[in-house]
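Colleague: Okay, sequence plus prediction incoming.
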Amino acid sequence: MRGKDGYNSVIRVLESLHGKLLISVMFTLSPYNSFADLYLVAGIGKSYSADLRSGIYNNIAFF
């Protein structure tokens with residue numbers, strides 16, 4: 001999450017759930033990150049046998 005240093009927390013969750021649950025990791029491509037970030041997230045997901053979900057940032061009105 002942009003603006004949060006949560007990497008170690010995410011890794012801890014992946015390590016604790018790996019092999020116990022099916023895990024998905026989500027990546028949102030936005031002006032605040034790059035394809036290099038996407039490759040990093042994909043690699044992390046692969047190492048924990050997690051599938052990769054992706055989205056594209058969009059300014060939409062929330063109801």
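Modeller: Received it, and whenever you're ready, just let me know what you need. Residues are numbered from 1 along each chain as shown.
Colleague: buried stuff in the top helix by length along the chain?
Modeller: Longest helix in the chain, counting residues (DSSP state H): helix 35-47. Residues 41, 44, 45 are the ones in helix 35-47 that count as buried (16 or more other C-beta atoms under 10 Å). C-beta coordinates here come from the backbone N, C-alpha and C atoms, glycine included.
Colleague: Give the rounded mean pLDDT of that helix.
Modeller: What helix 35-47 shows for mean pLDDT is 93.
Colleague: what residues does it touch?
Modeller: 11, 14, 23, 24, 25, 27, 29, 50, 51, 52, 54 (C-beta atoms under 8 Å, 6 or more residues apart in numbering).
Colleague: Most neighbours of all the residues you listed, which one?
Modeller: Ranked by the number of neighbours (other C-beta atoms under 10 Å), those place residue 50 first, at 20 neighbours.
Colleague: beta partners for residue 24?
Modeller: residue 51 (DSSP bridges).
Colleague: In contact with it: list those residues for me.
Modeller: With contacts defined as C-beta under 8 Å, 6+ apart, residue 24 is in contact with 45, 50, 51, 52, 53.
Colleague: I'd like the buried residues of helix 35-47 as TSV, with distance to residue 7 appended.
Modeller: As requested, those are exported to TSV (distance: C-beta to C-beta, whole Å):
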residue	distance to residue 7
41	11
44	9
45	14
